[in-house]
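Asker: Let me see the structure of the following:
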Amino acid sequence: MRHVLLSLLLAAVPLTACSEGPSNQAVTVTDGAVVDPQWDGFSKEFIEGYFKHDPYFAVYQGRHDFDGQLPDWSEAGLKAQIDFLKGALNKAEGFDTGKLSKEQAFEREYLISVVKGRLFWLEDADKPHRNPSFYIESGLDPNVYIARPYADPATRMKAFIAFAKTVPGAAVNIRANLKMPMPASFIDFGTAGFKGLADYYTGDAKAAFASVKDEALQKEFDEAAGAASKSMRELAIWLENGRKTQTQDFALGADRFSRMLSATEMVDTPLDELEKVGQADLKRNQDALKAACATFAPGADIPACMAKMNARKPEGGVVAAARKQLPGLKAFIAEKDIVSIPGTEEAQVEESPPYNRQNSAYIDIPGPYEKGLPSVYYISPPDPAWSKAVQDGYVPGEKDLLFTSVHEVWPGHFLNFLHSNRSKFTFGKIFVGYAFAEGWAHYAEEMMWDAGLGNGDPETHIGQLSNALLRDCRYLSAIGMHARGMTQEQSRKMFVEQCYQDEGNARQQAARGTYDPAYLNYTMAKLLIRKLREDWTKDKGGRTAWKAFHDGFLSYGGPPIPLVRAQMMGGDAKAVF
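Answerer: Numbering: from 1, shown residues only. Below you'll find the predicted structure:
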């Protein structure tokens, strides 16, 4: 998620989607059986209020009337956000569900889940005061003005200038909010992120608007971008100075971790049970890997087998190879009749910008209020500070990259958003949650292998399993580090020894788990989707009903998966593994 990315971890992943809708009109519910018109008005009022409190999120959805604005991160501004959300929650819970249509009742539950998730991060986890990722992932990235051609370059340049002028003031609030001492990994993430943004404001952003031949505008840009860059560098220096008191106190704790799952994803399963579920999936994938390696690399141990798979690097580099993979993946989906592909949009592939390389790959998809804009699948090069051996290990093997392309584009995130963008549910278009988005994309990897991608080739299977094991270790690291006392070093060792990841990736993933405790969502949600598919299709033809299941599942947009289960299976919204 990222947003996603990671992702906007607070209410929706910072992935957004292409749309056929006009950029200056609100998305509305198309519910032919409205029985309470007050709900329709309230839901629209909530969305507009949400955008006003988080204009950065609004811009990424394609609402360019909010261009140039950042959220108010002062203490008063944060309190105002919390008060708005609590007021909306009270109003939503006050609606009589007996007077709502089925669609309205679903949207009510969807809205409540969005609000509870946002409130968890703002209040319970206290992310604005504890975690630099709150700001780096949900406000300071100006990529929307740089990379999305929603308007001519001069118009977008003016929007960037307005944005840049707000950054120094935001930096003052960030510095006032973040409390020391801070975990070492948070300082690492924050200093790298703030420095990267500083370089981006005056580097790639400047280059992006070189075609604008307006000297006065270029001068204004230089002044605004320079001041914004300076404020980010100063923030990075301040954060770096906190190393003398750095801690390893990153854990949410078992109780808060459980509240996170309940508030953000409607999962109330006890942690002991969740841990057993993750351990079982890890063993399942380890056993499958051993079987595939016995054919692919007879006599070799698992690390040597993985090394053999990773030794065959993508021809021409990862970006060029990914570009070649996408048409074949799309054709396979159509050939196997796996899921509908609405629209004609395609994704571009580019190298990720320096400020946003904490993940090896991610996709940026224009929001539901945009029209006809490209999506970009970004792939990160290795850190030049690493040794050559670590850098070489970080570059994925060809089959590993194949399933990254499955995850990000066909039929992963990109296809998810083609569907959510056309959902009849207002919140399905705008709020695609972390677990739904990452769970679907990760589920898609195994599903494509099961559907015949690679025709049983063991090397291809090892590529798929490498990605599955990576997510298994995320799942167990999240629980381990935040609820069981696991250290970051113990997590790194688990990624290497149990999930067979390269050293660079293991370091990166262990660090990410400290500041992104919800990254267990990949495996957790994959397993929820697999179980839902099994239950839904068992009396509808099994494998022959996959397409109907996938289309139905994706039609809801991106709510917590227990809520989708209730819609598709009946009964209460609950997590079933």
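Asker: Which residues does stretch 244-258 contact?
Answerer: 124-125, 180-187, 260, 268, 270-271, 478-479, 481-485, 487-488, 514-515, 517 (CB atoms under 8 Å, 6 or more residues apart in numbering). Using the backbone N, CA and C atoms, a C-beta is placed for each residue, glycine as well.
Asker: ok, of the residues you listed, which come out buried?
Answerer: Neighbour-count burial (16 or more other CB atoms under 10 Å) applied to the contacts of stretch 244-258 gives 125, 182-187, 260, 271, 478-479, 481-483, 488, 514-515, 517.
Asker: Next, the buried residues of the helix or strand of the chain with the lowest mean pLDDT.
Answerer: Lowest mean confidence among the helices and strands of the chain (mean pLDDT, DSSP states H and E): helix 388-394, at a mean of 85. Within helix 388-394, the residues scored as buried using 16+ other CB under 10 Å are 390, 391, 393, 394.
Asker: quick one: the second one and residue 504 touch, right?
Answerer: If I follow you right, that is residue 391. Yes: the pair residue 391 / residue 504 is scored as a contact, 7.1 Å apart, by CB atoms under 8 Å.
Asker: tell me the secondary structure for residue 341?
Answerer: Following DSSP: H, G, I helix; E, B strand; the rest coil, the label given to residue 341 is coil.
Asker: can you map out the helices along the stretch 251-400 of the chain?
Answerer: 254-265, 271-296, 302-311, 318-336, 388-394, 398-408 (DSSP state H, counting those that start in this stretch).
Asker: quick one, strands of the stretch 351-500 of the chain?
Answerer: Using DSSP state E, counting those that start in this stretch, the strands of the stretch 351-500 of the chain run over residues 361-364, 375-379.
Asker: hmm, back to that, how far does the least confident helix or strand of the chain sit from the chain's center?
Answerer: 26 Å (CA atoms, centre = their mean, to the nearest Å).
Asker: Output that helix as CSV, nothing but the C-alphas.
Answerer: Provided in CSV are the C-alpha atoms of helix 388-394 (Å, rounded to 0.1, in the frame of the first residue of the first chain):
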residue,chain,number,x,y,z
LYS,A,388,27.4,-5.6,-4.3
ALA,A,389,26.4,-9.1,-3.1
VAL,A,390,23.4,-7.7,-1.2
GLN,A,391,22.4,-5.5,-4.1
ASP,A,392,22.6,-8.5,-6.5
GLY,A,393,20.5,-10.6,-4.2
TYR,A,394,17.8,-7.9,-3.9
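Asker: hmm, who's touching it?
Answerer: Contact with helix 388-394 is made by 310, 360, 382, 383, 384, 386, 502, 503, 504, 505, as judged by CB under 8 Å, 6+ apart.
Asker: What is the nearest of these to residue 61?
Answerer: Checking those against residue 61 by CB to CB gives residue 360 as the nearest, at 25.8 Å.
Asker: Quick check: that closest one touching residue 401?
Answerer: No: Residue 360 lies out of contact with residue 401 (CB under 8 Å); the separation is 9.7 Å.
Asker: Including mean pLDDT and distance to residue 541, could the strands of the stretch 351-500 of the chain go into CSV?
Answerer: As requested, the strands of the stretch 351-500 of the chain are arranged in CSV below (pLDDT from 0 to 100; distance: least, CB to CB, whole Å):
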stretch, mean pLDDT, distance to residue 541
strand 361-364, 91, 32
strand 375-379, 94, 33
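Asker: now those strands in a markdown table, with mean neighbour count and distance to residue 418?
Answerer: As requested, those are exported to a markdown table (neighbours: other CB atoms under 10 Å; distance: least, CB to CB, whole Å):
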| stretch | mean neighbour count | distance to residue 418 |
| --- | --- | --- |
| strand 361-364 | 25 | 12 |
| strand 375-379 | 24 | 9 |
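Asker: Make CSV out of those and add distance to residue 117.
Answerer: Output for those, formatted as CSV (distance: least, CB to CB, whole Å):
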stretch, distance to residue 117
strand 361-364, 20
strand 375-379, 25
